[in-house]
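> I'd like to go over a predicted model; first the sequence, then the structure.
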Amino acid sequence: MSQRIHLLASLALGLLLLLSAATGLILAGNQLTEQLQAPTTTDRVALVAERVAAAVPGIERIERAPSGELRVAFSTAEDSGVLRVDPASGAVLGPYEPSALMEGLRDLHRELLLGSAGRWLSGLAALGLLLLSL
């Protein structure tokens, strides 16, 4: 009987962790793909910021994503948002809109689509699988 409980518990916990590993692999691969596609520059940060400031009014924040993409948050009296910008030329590439699919996968990976309860469940599954392996 205890072997059956051990088997069922390890299967349930293992499936949760397998789901987390699979979605993590997809998210990591997506980040690598974005990094390979993002425009790069060897210019100094001040020079890039100067180019961006000339192209985008009302800059609040400039950030380089781990993928290498340059995102500029702005706010003016008429509009606000986040834009993708080419660091080499300072040209605006378009609005920054994260992929709905990747956002859904990120939520599935981090929270199992359950919010903070999903984070706890993932952590408990990892801890439970660790205890079962002893």
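Received the coordinates, thanks.

> now A49. Nearest residue, chain neighbours left out?
Ranked by CB to CB, 6 or more residues apart in numbering and with sequence neighbours excluded, the top spatial neighbour of A49 is I62, at 6.0 Å. (Glycine included, C-beta is placed from N, CA and C.)

> beta partners of the one you found?
V72 (DSSP bridges).

> was I right to think it contacts L70?
Yes - using CB atoms under 8 Å, I62 is in contact with L70, at 6.9 Å.

> look at these two and report which has more neighbours.
L70 (24 against 18; other CB atoms under 10 Å).

> identify the residues contacting that one.
A38, P39, V48, V52, I62, E63, R64, R84, V85, D86, P87 (CB atoms under 8 Å, 6 or more residues apart in numbering).

> rerun that using 7 Å as the cut-off
Applying CB atoms under 7 Å, 6 or more residues apart in numbering to L70 gives the contacts I62, R64, R84, V85, P87.

> what about the residue nearest to A49, distance to G29?
From I62 over to G29 the distance is 27 Å, taken as CB to CB, to the nearest Å.

> equivalent analysis for V48, please.
Distance of V48 to G29, given as CB to CB: 28 Å.

> okay, the two: which has more neighbours?
Neighbours per residue (other CB under 10 Å) separate V48 from G29, with V48 holding more: 20 against 10.

> could you tell me how many residues sit around L105?
17.

> touching the strand or helix carrying it from outside, list them.
In this assignment (DSSP states H and E), L105 forms part of helix 100-111. Helix 100-111 has contacts (CB under 7 Å, 6+ apart) with S20, T23, G24, I26, L27, N30, L113, G118, R119.
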